[in-house]
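K.L.:
the amino acid sequence is not available; the structure is as follows:
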């Protein structure tokens, strides 16, 4: 599979598929709900597969659902996400673009933003991720991805608001808290970062990765052209080197394609 940059927001190490243990696999990924059961049960099964990283199995079930019940915007959004996660970005992009004016518009903009970020198209990624947040301002994942994208692009001042909002909206979400602690470290507030991590009871492995990532970001060379900065032309925060590992090895990536499965821990 194509090697991709781990480009997403710092993913947590301790409690969900974004974190450092792998959830138990779906009990039976080949199971198909009884036709008499509500369609929502089948959609729930597909969503559970995706939450647990069974992207290929979810694609098979999406097609089975479509043959049995027909199509829907929600189903197409699930399909696009699975395609993106398995590296089929062109097919995912086509579906996402078809969803931009419907009820799944926020998910579509988010997916397009992640694809653009993984392809090193930062301006396009910023626009799409910001549109997703504008449509769903309470979505913690969207906020986190927008904030980390800005942080990686050297826009620390602009990254602060979405990262802080994500952490305040979901104070028990390890990923959101870790991102905020990372931002705080990068801006020279080590004691505050420690307080954030201590209050959230982040595992030692997560804390160590936050410090490691902060060091990588500090030591990175600015991108070319330079990231947008303040009035003096200095970027608000350092950027990560191309190809840098921006998440611990045992974590599910958000930006990128094939290596976004829990089974593939090395970018």
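P.N.:
Here it is on my side, so go on. Predicted, not measured: the structure shown is a model, and the values here were computed from it.
K.L.:
where does the stretch 101-250 of the chain dip in pLDDT?
P.N.:
Scanning the stretch 101-250 of the chain with the threshold set as pLDDT under 70 gives 220-250.
K.L.:
mind jotting down where the helices sit in the stretch 1-150 of the chain?
P.N.:
Assigned by DSSP state H, counting those that start in this stretch, the helices in the stretch 1-150 of the chain fall at 39-51, 55-69, 73-85, 89-98, 105-118, 122-135, 140-152.
K.L.:
mind checking which of these is nearest residue 216?
P.N.:
When these are compared by Cβ to Cβ, helix 140-152 sits nearest residue 216, at 10.5 Å. For every residue, glycine as well, the C-beta is placed using N, CA and C.
K.L.:
what's the following helix or strand past that closest one in contact with?
P.N.:
Note on helix 140-152: by DSSP states H and E, the next helix or strand toward the C-terminus is helix 156-169. Under the contact criterion Cβ atoms under 8 Å, 6 or more residues apart in numbering, helix 156-169 has outside partners 133, 137-138, 140, 143-144, 146-148, 150-151, 173, 176-177, 179-180, 183, 186-187, 196, 230, 235-237.
K.L.:
ok, stretch 186-194 next?
P.N.:
Residues outside stretch 186-194 that contact it (Cβ under 8 Å, 6+ apart): 151, 156, 181-182, 184-185, 210, 214, 217-218, 237-238.
K.L.:
just the buried residues of these.
P.N.:
Those of the contacts of stretch 186-194 that meet the buried threshold are 151, 156, 181-182, 184-185, 210, 214, 217, 237-238, by 16 or more other Cβ atoms under 10 Å.
K.L.:
quick check, nearest of these to residue 114?
P.N.:
The shortest approach to residue 114 among those belongs to residue 151, at 15.3 Å (Cβ to Cβ).
K.L.:
tell me the contacts of the closest one?
P.N.:
Taking Cβ under 8 Å, 6+ apart, one finds 159, 163, 182-183, 186, 217, 237 in contact with residue 151.
K.L.:
compute the distance between it and residue 166, please.
P.N.:
According to Cβ to Cβ, to the nearest Å, residue 151 stands 12 Å off from residue 166.
K.L.:
coming back round to it: so which of the buried ones among the contacts of stretch 186-194 belong to strands?
P.N.:
Using DSSP state E, no member of the buried ones among the contacts of stretch 186-194 falls in strands.
K.L.:
JSON lines for those residues, including distance to residue 55?
P.N.:
Shown next, in JSON lines, are those (distance: Cβ to Cβ, whole Å):
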{"residue": "151", "distance to residue 55": "27"}
{"residue": "156", "distance to residue 55": "33"}
{"residue": "181", "distance to residue 55": "29"}
{"residue": "182", "distance to residue 55": "27"}
{"residue": "184", "distance to residue 55": "33"}
{"residue": "185", "distance to residue 55": "33"}
{"residue": "210", "distance to residue 55": "27"}
{"residue": "214", "distance to residue 55": "31"}
{"residue": "217", "distance to residue 55": "29"}
{"residue": "237", "distance to residue 55": "32"}
{"residue": "238", "distance to residue 55": "33"}
